[in-house]
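Asker: A structural model of the following input is requested.
(one chain, ligands or ions: 2)
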Amino acid sequence: MKDILAAIQSPDSVSEDFAALPLPESYRAITVHKDETEMFAGLATRDKDPRKSIHLDEVPVPELGPGEALVAVMASSVNYNSVWTSIFEPLSTFGFLERYGRLSELTKRHDLPYHVIGSDLAGVVLRTGPGVNAWRPGDEVVAHCLSVELESSDGHNDTMLDPEQRIWGFETNFGGLAEVALVKSNQLMPKPDHLSWEEAAAPGLVNSTAYRQLVSRNGAGMKQGDNVLIWGASGGLGSYATQFALAGGANPICVVSSDQKADICRAMGAEAIIDRNAEGYKFWKDENTQDPKEWKRFGKRIRELTGGEDIDIVFEHPGRETFGASVFVTRKGGTITTCASTSGYMHEYDNRYLWMSLKRIIGSHFANYREAWEANRLISKGKIHPTLSKVYSLEDTGQAAYDVHRNLHQGKVGVLALAPEEGLGVRDHEKRAKHIDAINRFRNI
Ligand SMILES: C/C=C/C(=O)SCCNC(=O)CCNC(=O)[C@H](O)C(C)(C)COP(=O)(O)OP(=O)(O)OC[C@H]1O[C@@H](n2cnc3c(N)ncnc32)[C@H](O)[C@@H]1OP(=O)(O)O
Ligand SMILES: NC(=O)C1=CN([C@@H]2O[C@H](COP(=O)(O)OP(=O)(O)OC[C@H]3O[C@@H](n4cnc5c(N)ncnc54)[C@H](OP(=O)(O)O)[C@@H]3O)[C@@H](O)[C@H]2O)C=CC1
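Answerer: Ligands and ions are numbered 1, 2, ... in the order given. Sure, this is the predicted structure:
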């Protein structure tokens with residue numbers, strides 16, 4: 001591993017040098033263990049502690065198959081899907097690995113008693129499998145997390161519709177929170193050259209998801225002037241949704257839960273901000289009863305901020321807690337687009353407000369190959385910026401996941417894998433200097 005890192009850090013290394021490096025037999029990886037899936041049985045979601053289930057193990061380097069690449073991971077980031085994996089909710093991800101393992105001789109590799117998690121990476125290609133021509137050892141890359149087989153025509157127009165669609169590092173093994181990762185080569189994209197390894201690893205999953213959910217015609221198809229209600233506007237998804245709304249000439253109405261988060265949204269350029277904590281919205285009177293008066297109070301506040309207008313698009317992900325309010329505050333003909341249910345997946349809303357006002361609910365999940373590429377291109381061009389706040393070592397990934405689970409973080413949380421320190425990997429310093437304030441906006445807050 002030392003030789004690999006030395007080659008990555010040497011300005012003189014060429015592709016042949018990487019190709020000639022022997023692959024290590026094993027690598028350090030963040031895992032959860034199959035024999036621990038019941039460890040939190042009986043505990044409330046909030047009390048399940050990722051620091052107890054997340055391990056740092058030495059695991060064997062997987063065999064490389066056709067169309068695949070092994071990547072030396074310099075940095076990765078924590079996504080909420082790794083939080084779900086680490087608390088074994090809503091399902092243990094070992095069920096996904098077993099199902100994938102049944103697909104073919106090659107996919108059997110994924111069905112192991114440990115799960116190497118993580119759905120983002122920035123690093124350097126070490127080896128490519130048969131049939132890979134577009135990427136070579138030594139290429140500096142990021143990887144998106146869409147894994148598809150594409151043997152069925154169902155996914156040929158929109159790769160997210162492939163019946164064998166999986167999220168790498170969540171529904172497959174050998175993810176990005178590790179020193180080495182195995183990906184399909186079609187997941188690879190050029191690393192934005194003005195960013196450090198950890199900055200480049202931060203946007204991938206959430207940026208692509210927000211792009212499909214909000215901007216793409218497969219999602220809400222946002223246009224100039226739209227009022228976009230963004231829940232968790234300074235969080236992982238929300239910090240990119242806010243940037244897309246601003247960059248696309250829309251009007252984000254940002255919901256956050258503290259002054260500090262409101263300040264971050266202001267610094268991004270948003271003006272309409274609702275502090276849900278300070279304003280004390282209680283959309284549920286008790287576990288089973290919502291309070292439409294609170295939906296109305298929330299809608300009134302939105303109208304104050306928009307000069308009397310209602311919401312064209314709601315960017316939804318908190319789920320059960322907010323969904324009733326989200327449907328209510330959407331204007332006639334507007335769209336609620338949802339990609340998650342952090343607070344609970346059995347939603348309730350008053351359907352009269354949906355059908356009588358001709359609103360639409362759109363389900364959205366990650367991004368197809370092309371959308372992920374387009375989202376990464378916007379990062380590379382400096383139109384959208386990473387929202388990295390804090391960076392942890394691989395050893396401290398459990399704490400990083402704990403922070404995200406407890407909503408103690410801002411924007412995105414990074415993890416260094418092979419990178420010995422922060423700030424390495426920048427190739428275009430001039431471009432970086434142009435965007436430095438935006439790149440650092442979330443740092444150390
Ligand atoms: C990029 C990052 C993303 C995120 O962070 S997302 C957040 C994290 N992710 C999650 O929380 C999602 C976790 N996943 C899940 O909870 C589950 O993954 C799903 C609920 C999404 C799906 O579960 P499944 O196991 O695939 O489905 P079933 O409920 O067990 O049902 C499958 C059985 O139901 C049959 N079936 C499917 N459609 C129909 C139909 N229309 N009519 C009749 N049967 C149907 C199938 O065939 C199959 O059957 P048979 O069990 O016998 O094989
Ligand atoms: N389907 C897909 O492709 C994807 C799904 N996801 C899912 O989306 C969800 C959010 O992910 P991500 O943005 O990365 O997570 P983060 O935790 O980084 O951000 C979510 C934000 O939502 C807000 N929030 C949390 N709970 C509530 C609540 N009960 N009511 C209102 N607001 C709330 C918080 O902001 P504040 O406290 O400031 O209001 C929080 O910062 C997760 O469940 C994740 O699994 C994520 C990416 C892709």
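Asker: Mind listing the strands the helix or strand hosting residue 313 pairs with, and their directions?
Answerer: Element membership of residue 313 [criterion: DSSP states H and E] is strand 311-316. As defined by DSSP bridges, the strand partners of strand 311-316 come to strand 227-230 (parallel), strand 330-338 (parallel).
Asker: Any buried residues in the very next helix or strand once past the shortest one, and which?
Answerer: Okay, so that is strand 227-230. Later in the chain than strand 227-230, the nearest helix or strand by DSSP H and E is helix 236-247. Using 16 or more other CB atoms under 10 Å as the test for burial, helix 236-247 gives 236-246. (Glycine included, C-beta is placed from N, CA and C.)
Asker: now do stretch 16-25
Answerer: If you call a residue buried by 16+ other CB under 10 Å, then stretch 16-25 has these buried ones: 18, 21, 24.
Asker: doesn't residue 2 make contact with the second one?
Answerer: No: checked against CB atoms under 8 Å, the pair residue 21 and residue 2 is beyond contact range at 10.6 Å.
Asker: Touching, residue 372 and residue 144? I think so.
Answerer: Yes: using CB under 8 Å, residue 372 is in contact with residue 144, at 3.8 Å.
Asker: Find residues that contact each of those two.
Answerer: Residues touching both residue 372 and residue 144 (CB atoms under 8 Å, 6 or more residues apart in numbering) are 189, 204, 208.
Asker: Within its local environment, how many residues does the last one see?
Answerer: Neighbourhood size, residue 208 [other CB atoms under 10 Å]: 28.
Asker: From the shared contacts of residue 372 and residue 144, which land in strands?
Answerer: With strands defined by DSSP state E, the entries of the shared contacts of residue 372 and residue 144 inside them are residue 189.
Asker: Out of the shared contacts of residue 372 and residue 144, which comes closest to residue 438?
Answerer: residue 204 (17.7 Å; CB to CB).
Asker: picking that back up, does ligand 1 sit close to the strand holding residue 313?
Answerer: No: residues of strand 311-316 are not located near ligand 1 by CB under 6 Å from any ligand atom, the shortest gap being 12.9 Å.
Asker: who's in contact with that strand?
Answerer: Under CB under 8 Å, 6+ apart, the answer for strand 311-316 is 210, 213-214, 220, 222, 226-231, 237-238, 241, 250, 253, 302, 322-323, 326-327, 329-331, 334-340.
Asker: Keep only the residues you listed that also lie close to ligand 1.
Answerer: Okay, of these touching ligand 1 (CB under 6 Å from any ligand atom), that's residue 340.
Asker: Just the buried residues from the contacts of strand 311-316, in ChimeraX please.
Answerer: Listed next is the ChimeraX selection for buried residues among the contacts of strand 311-316, using 16+ other CB under 10 Å:
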select :210,213,214,220,222,226,227,228,229,230,231,237,238,241,250,253,302,322,323,326,327,329,330,331,334,335,336,337,338,339,340
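Asker: What parts of the stretch 51-200 of the chain come near ligand 2?
Answerer: 79-81, 84.
Asker: before we move on, what about the stretch 301-445 of the chain?
Answerer: Residues of the stretch 301-445 of the chain lying near ligand 2 (CB under 6 Å from any ligand atom): 317-318, 321-322, 339-340, 342-343, 365-366, 404, 407.
Asker: again, 5 Å this time
Answerer: 317-318, 321, 339-340, 342-343, 365-366 (CB under 5 Å from any ligand atom).
Asker: thinking again about what came up before, just the closest of the residues of the stretch 51-200 of the chain next to ligand 2 to residue 176, please.
Answerer: residue 79 (9.4 Å).
Asker: what sits against the closest one?
Answerer: 118-120, 205-206, 236, 404.
Asker: Let me have those residues in TSV, adding pLDDT as columns.
Answerer: TSV is the format used below for the contacts of residue 79 (pLDDT from 0 to 100):
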residue	pLDDT
118	98
119	98
120	98
205	98
206	98
236	98
404	98
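Asker: okay if I get the residues you listed as TSV plus secondary structure?
Answerer: As requested, the contacts of residue 79 are exported to TSV (DSSP: H, G, I helix; E, B strand; the rest coil):
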residue	secondary structure
118	coil
119	coil
120	coil
205	helix
206	helix
236	helix
404	helix
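Asker: Just want the residue of the stretch 1-150 of the chain that's nearest ligand 2.
Answerer: residue 80 (3.4 Å; CB to the nearest ligand atom).
Asker: I'd assumed residue 232 was in contact with that residue.
Answerer: No: under the criterion of CB under 8 Å, residue 80 makes no contact with residue 232, lying 10.3 Å away.
Asker: Show me what residue 122 is bridged to.
Answerer: With DSSP bridges as the rule, residue 122 is bridged to residue 75, residue 142.
Asker: Next, count neighbours for it.
Answerer: If we define neighbours as other CB under 10 Å, then residue 122 has 31 of them.
Asker: shouldn't it be in contact with residue 189?
Answerer: No: using CB under 8 Å, residue 122 makes no contact with residue 189, being 10.2 Å away.
Asker: shared neighbours of the two, anything?
Answerer: Counting by CB under 8 Å, 6+ apart, the residues touching both residue 122 and residue 189 are 141-142.
Asker: Do you have the helices of the stretch 1-150 of the chain handy? List them.
Answerer: Using DSSP state H, counting those that start in this stretch, the helices of the stretch 1-150 of the chain run over 2-9, 15-20, 50-53, 80-86, 94-101.
Asker: Quick one: distance of the first one to the chain centre.
Answerer: Using CA atoms, centre = their mean, to the nearest Å, the distance from the centre of helix 2-9 to the centre of the chain it belongs to is 28 Å.
Asker: Same check on the shortest one?
Answerer: On the basis of CA atoms, centre = their mean, helix 50-53 is displaced by 20 Å from the centre of the chain it belongs to.
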